[in-house]
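Participant: Next one to model:
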Amino acid sequence: MSTYKKAGVNIKLADKFTKFLEKKSKAIGGFAGILPLKESGNKNSIVASTDGVGTKLKLAFMLNKHDTIGIDLVAMCVNDIIVCGARPLLFLDYYAIGKLNLARSKQVMKGILEGCKRAESVLLGGETAEMPGFYKDGEYDLAGFSVGIVDNSDIINGSKIKAGDVLIGLKSTGFHSNGFSLVRKVLEDKKMLKKYASKLLTPTKIYVKDIKKLKTALKKTGGILGLAHITGGGIEGNLIRILPKNIQALVYEKKWKVPSIMKEIQKLGHVPDKEMWKTFNMGIGMIAVVKKKDAALALKTLKEAIVIGEIKKGKKSVMVK
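Facilitator: Predicted coordinates for the structure are as follows:
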């Protein structure tokens, strides 16, 4: 039986570290950091997020395919920006490598530029750090930083979520950029890893344009009440972050099909259902909470979106049924 902890990742310990940081800085919390701009008369706020691609990079190294990993990098940052209601403005990257390979580096940047295009952001700059002897030959690391802006009156924080509201699921393109330590643990055999690698390298979906459309469509009605980017921790671990007190979210797993690649990984690694739902997005990369009367319009606006659950009164929690 394979688990994320056995693969070397301790989510509970990471959560404790996050709570420690939140106590040290009141500005830390949520999917992205929000800083009110006094210079704007407190009408606007700067929103910022940083992230990396994680061990998905190992697959890029193995297949020598580097033109999409940059899309993942941008996606993981901007998807955290938009859940606050912000519009991404700019992106910066940190590209660290042992020895610069020009052709490969151009491919990495090609992906980052494509990601910025999909995110309607400007690649404002970055840092290329060449550090001989620090990384294995042919390997590198990536980190990204996204900055956006939001009118304070348009900030989405989940505070308006009430019983009777509906959960709208936006489908993922696969594992996105989370849980790859467990995936690699399951596929320890290099032949097996190569067999699935091309599917696993499918880039993370960038939801910037989808959420922009949804905000516009619902502007004159109830608007978007809450947004959750489904990354590490799965649906339960991320959706609960936007719920007010005494509000429960019910998610009905039979409302959509879990991607076949996830089912195959689960079968090969004998991964328990609970571990799968705790680690992966299970086919839903973003969740929007809207009023029940706005659900039909939301589905009409985003053709591939689906109703996946509802909001009820109760102890603050997320239940997948």
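Participant: Pull the distance from the helix or strand residue 150 falls within to the chain's centre.
Facilitator: Taking DSSP states H and E as the criterion, residue 150 maps to strand 140-151. Put simply, strand 140-151 sits 13 Å off its chain's centre (C-alpha atoms, centre = their mean, to the nearest Å).
Participant: Now do the helix or strand just after it: which elements does it pack against?
Facilitator: Downstream of strand 140-151, the first helix or strand assigned by DSSP H and E is strand 166-171. Using 3 or more C-beta pairs under 8 Å, 6 or more residues apart in numbering; DSSP states H and E as the contact test, the elements touching strand 166-171 are strand 284-290, helix 295-301, strand 306-313. Yep, even glycine has a C-beta here, placed from its N, CA and C like the rest.
Participant: could you give the mean pLDDT of strand 166-171?
Facilitator: For strand 166-171, mean pLDDT rounds to 98.
Participant: Dump that strand to CSV, keeping only the CA atoms.
Facilitator: C-alpha atoms of strand 166-171 as CSV (Å, rounded to 0.1, in the frame of the first residue of the first chain):
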residue,chain,number,x,y,z
VAL,A,166,-24.0,25.5,-4.8
LEU,A,167,-20.5,24.2,-5.5
ILE,A,168,-19.4,24.5,-9.2
GLY,A,169,-16.5,22.3,-10.2
LEU,A,170,-14.0,23.2,-12.9
LYS,A,171,-12.2,20.2,-14.3
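Participant: Contacts for that strand, please.
Facilitator: Applying C-beta atoms under 8 Å, 6 or more residues apart in numbering, the contact partners of strand 166-171 are 205, 207, 210, 239, 249, 251, 255-256, 283-292, 294-295, 298-299, 302, 304-311.
Participant: Quick check on those residues: which are buried?
Facilitator: When those are checked for burial by 16 or more other C-beta atoms under 10 Å, the buried set is 205, 207, 210, 239, 249, 251, 283-291, 294-295, 298-299, 302, 305, 307-311.
Participant: For residue 73, give its distance to residue 115.
Facilitator: Separation of residue 73 from residue 115 (C-beta to C-beta, to the nearest Å) stands at 6 Å.
Participant: Quick check: buried residues in the lengthiest helix in the chain?
Facilitator: Counting residues, the longest helix in the chain under DSSP state H turns out to be helix 102-118. Residues of helix 102-118 classed as buried: 104-105, 107-109, 111-112, 114-116, 118 (neighbour count, 16+ other C-beta under 10 Å).
Participant: same check, this time on stretch 207-225
Facilitator: Residues of stretch 207-225 classed as buried: 207-208, 210-211, 214-215, 217-218, 222-225 (neighbour count, 16+ other C-beta under 10 Å).
Participant: swap in stretch 61-71?
Facilitator: Neighbour-count burial for stretch 61-71 flags 66-71 (criterion: 16+ other C-beta under 10 Å).
Participant: where along the stretch 201-321 of the chain do the strands fall?
Facilitator: Remark: strands assigned in the stretch 201-321 of the chain by DSSP state E, counting those that start in this stretch are 226-229, 247-251, 284-290, 306-313, 317-320.
Participant: okay if I get these as JSON lines plus distance to residue 262?
Facilitator: Listed next are the strands of the stretch 201-321 of the chain as JSON lines, based on distance: least, C-beta to C-beta, whole Å:
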{"stretch": "strand 226-229", "distance to residue 262": "18"}
{"stretch": "strand 247-251", "distance to residue 262": "16"}
{"stretch": "strand 284-290", "distance to residue 262": "11"}
{"stretch": "strand 306-313", "distance to residue 262": "16"}
{"stretch": "strand 317-320", "distance to residue 262": "14"}
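Participant: out of the ones you listed, nearest to residue 270?
Facilitator: With distances scored as C-beta to C-beta, the stretch of these nearest to residue 270 is strand 317-320 (20.2 Å).
Participant: Show me how the record splits the protein into domains.
Facilitator: Under the assignment automatic domain parsing, the domains of the chain span 31-155, 156-321.
Participant: so which of those gets nearest residue 3?
Facilitator: Of all those, it is domain 156-321 that lies closest to residue 3, at 5.2 Å by C-beta to C-beta.
Participant: ok, back up a step: now tabulate the strands of the stretch 201-321 of the chain in TSV and tack on mean pLDDT.
Facilitator: Putting the strands of the stretch 201-321 of the chain into TSV (pLDDT from 0 to 100) gives the following:
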stretch	mean pLDDT
strand 226-229	98
strand 247-251	98
strand 284-290	98
strand 306-313	98
strand 317-320	97
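Participant: Going by neighbour count, which residues in the strand holding residue 150 are buried?
Facilitator: Neighbour counts over strand 140-151 (16+ other C-beta under 10 Å) mark 140-150 as buried.
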